[in-house]
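Asks: Predicted structure and sequence below. I'll ask about it afterward.
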Amino acid sequence: MAKAPTVEDVARAAGVSRQTVSNVLNSPAIVRGATRERVERAIAELGYRPHAAARRLRTRRSSTIGVRLDPYLGGISGVVLDRFVHALTERASERGMRILLYAAHTPAEEIERMGDLVDGGEIDAIVLTGTSREDTRTSWLQGRDVPFVSFGRPWRDDDTGAPAHPWVDVDGAAGTRAATRHLLDHAGPRIAFLGWPEGSGTGGDRARGWHEEMSRAGASGPRWFVEESVSQAREVAGAELAADPAVDGVVCVSDALAIGAHLAATSLGRPELPVVGFDNTPAAEALGLGSVEQLPEEVAVGVLDLLMGPTGNAVVPRSPDEEAAYVLVEPRLVIR
């Protein structure tokens, strides 16, 4: 069995001292950019992995990232966050980090739980999920100088030009643009959008992609609103399709609504009506429905890159004057 590479091997390959390698691993901000990149390249080429337990004792860091375990709500689309947590755990382990899951049912309860973990030195950083425009959790974390990245944008006026905090999200508008373009090319010019009621940042972003692509094509179609419910989607889509049989296809904000629309079309004698959902869940796959794949594994990579750098193995706190960054993951359209 080949001998595992050591710090000395990395230092020799990068042409630096052992201390410089240690600085890159534990305090990368104090190392010059060109030197840090050379050491990180040597680490990647050699496949060096520092001993996590020894590093925790040496740096007095927990090498642990906290993530809330969302309450189980049933439904169809919750599998996306499950995949994200699994991917984050696997990718973090590859960098010598651990994931600590904690439970909380409200923002206030989550803030209390995060406070216990931070004060107890049990975590080095937090990954937030389920962000909103007025998110009390982000302001609390910023006030305590706790490193964090959110899966979900801040939903402010300029999330890309001036992000309120580091975030990673899936480009929902890009996904529904691709779905709408496909239906326009293969089904016809009258494509409907079945979405959530006004007020949802995620829902509005996905509706925007449909609207932009329809406008670009000079086409028009109805926009329908319904809560996240298969039965309600079936009822609303059924009534709308019966009143407007000229609809050529339906783009939906989620797989749950897509399943409801498909059931409605089938009950009206139109089982061939193209319906595209969002999340690419096993339920949509079983019914043969097209869907937009969120790629939560790429979201996990983006989260760790923002917390630790592209090849780092420790959380890198941001300086107060450093601009927040973001990663926007483009989803993949799956047609069946």
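Replies: That came through fine.

Asks: Please, where are all the helices along the stretch 151-300 of the chain?
Replies: 172-186, 201-217, 230-243, 255-267, 282-286, 296-308 (DSSP state H, counting those that start in this stretch).

Asks: who does the longest one touch, helix- and strand-wise?
Replies: Looking back up the chat, that one is helix 201-217. helix 172-186, strand 191-195, strand 223-225 (3 or more Cβ pairs under 8 Å, 6 or more residues apart in numbering; DSSP states H and E). Quick note: C-beta positions are derived from backbone N, CA and C, even for glycine.

Asks: which residues touch the last one?
Replies: Strand 223-225 has contacts (Cβ atoms under 8 Å, 6 or more residues apart in numbering) with 192-198, 207, 210-211, 236-237, 240.

Asks: Quick one: buried ones out of the residues you listed?
Replies: Among the contacts of strand 223-225, those classed as buried by 16 or more other Cβ atoms under 10 Å are Ala192, Phe193, Leu194, Gly195, Trp196, Ala207, Trp210, His211, Val236, Ala237, Glu240.

Asks: So for stretch 208-228, first residue to last residue, what's the gap.
Replies: In stretch 208-228, first residue to last residue: 18 Å (Cα to Cα, to the nearest Å).

Asks: mean confidence for that stretch?
Replies: Summarised as a single mean, pLDDT over stretch 208-228 is 97.

Asks: Quick one: distance of it to the chain centre.
Replies: 24 Å (Cα atoms, centre = their mean, to the nearest Å).

Asks: How about stretch 41-48?
Replies: Centre to centre, stretch against its chain (Cα atoms, centre = their mean), the figure for stretch 41-48 is 28 Å.

Asks: In it, which residues are buried?
Replies: Buried residues in stretch 41-48, counted by 16+ other Cβ under 10 Å: Ala42, Ile43, Leu46, Tyr48.

Asks: Now, the residues you listed that are in strands?
Replies: Judged by DSSP state E, strands contain none of those.

Asks: Quickly name whichever of the residues you listed is closest to Val168.
Replies: Using Cβ to Cβ, Ile43 comes nearest to Val168 of the buried residues of stretch 41-48, at 23.3 Å.

Asks: The closest one: what's it in contact with?
Replies: Ile43 neighbours (Cβ under 8 Å, 6+ apart): Val10, Val24, Thr311.

Asks: Buried only: go through the residues you listed for me.
Replies: In the contacts of Ile43, the ones that pass as buried (16+ other Cβ under 10 Å) are Val10, Val24, Thr311.

Asks: Could you export the residues you listed as JSON lines, including pLDDT?
Replies: As requested, the buried ones among the contacts of Ile43 are arranged in JSON lines below (pLDDT from 0 to 100):
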{"residue": "Val10", "pLDDT": "91"}
{"residue": "Val24", "pLDDT": "84"}
{"residue": "Thr311", "pLDDT": "78"}
